[in-house]
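**Q** predicted model and sequence follow; I will ask about them next.
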Amino acid sequence: MAVVVFELAGSLGGTLMAAVVFGGLQTAAPEGQVAQTMALGSTFLQVAALAGAPLGGMLGSYLGLRHTLGIALVLAVVSLAPQNLRWALARWSVDSPKRDAT
């Protein structure tokens with residue numbers, strides 16, 4: 001039962017991450033370039049998954065699961081730091097809506 005709950009929680013987390021990432025990309029994309037931005041974002045996520053799977057496996061084999069998960073946590077915090085800093089400087093508000101250049 002615990003494995004099923006773990007799998008469902010992981011799926012929920014992945015779904016939420018995809019919704020947040022692609023929702024943010026759509027709002028940040030310049031007018032007329034939403035499709036290109038979404039395709040590039042999707043490609044980056046897939047390349048990261050392809051590169052991370054063997055790297056995580058090698059680290060897990062050499063360092064053990066606990067240290068590998070610790071490294072993954074540090075990398076996640078470091079990679080999210082610029083976005084969190086940006087949000088903090090904007091007082092945690094959403095980006096302003098796009099304005100027409102008319």
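**A** In hand now; what should we look at? Every value quoted in this text rests on a predicted model; they were computed, and no experiment measured them.
**Q** so which bits of the worst-scoring helix or strand of the chain on mean pLDDT are buried?
**A** Every helix and strand in the chain was compared by mean pLDDT, DSSP states H and E; the lowest is helix 2-28, with a mean of 80. For helix 2-28, burial by neighbour count (16 or more other CB atoms under 10 Å) applies to Leu25. Glycine gets a C-beta too; all of them are placed from N, C-alpha and C.
**Q** buried set for whichever helix or strand comes after it?
**A** On the C-terminal side of helix 2-28, the closest following helix or strand by DSSP states H and E is helix 34-63. Within helix 34-63, the residues that count as buried by 16+ other CB under 10 Å are 41, 59-60.
**Q** nearest to Gly70 among those?
**A** Gly70 lies nearest to Leu59 out of the buried residues of helix 34-63, by CB to CB, at 10.1 Å.
**Q** separation between that closest one and Ala48?
**A** Taking CB to CB, to the nearest Å as the measure, Leu59 falls 15 Å from Ala48.
**Q** how about Ala81?
**A** On the measure of CB to CB, Ala81 and Ala48 end up 17 Å apart.
**Q** got it, and Val20?
**A** 15 Å.
**Q** low-scoring stretches of the protein, by residue?
**A** 92-102 (pLDDT under 70).
**Q** so which bits of the helix or strand containing Arg66 are buried?
**A** Assigned by DSSP H and E, Arg66 falls within helix 65-89. By 16+ other CB under 10 Å, the buried positions in helix 65-89 come out as Thr68.
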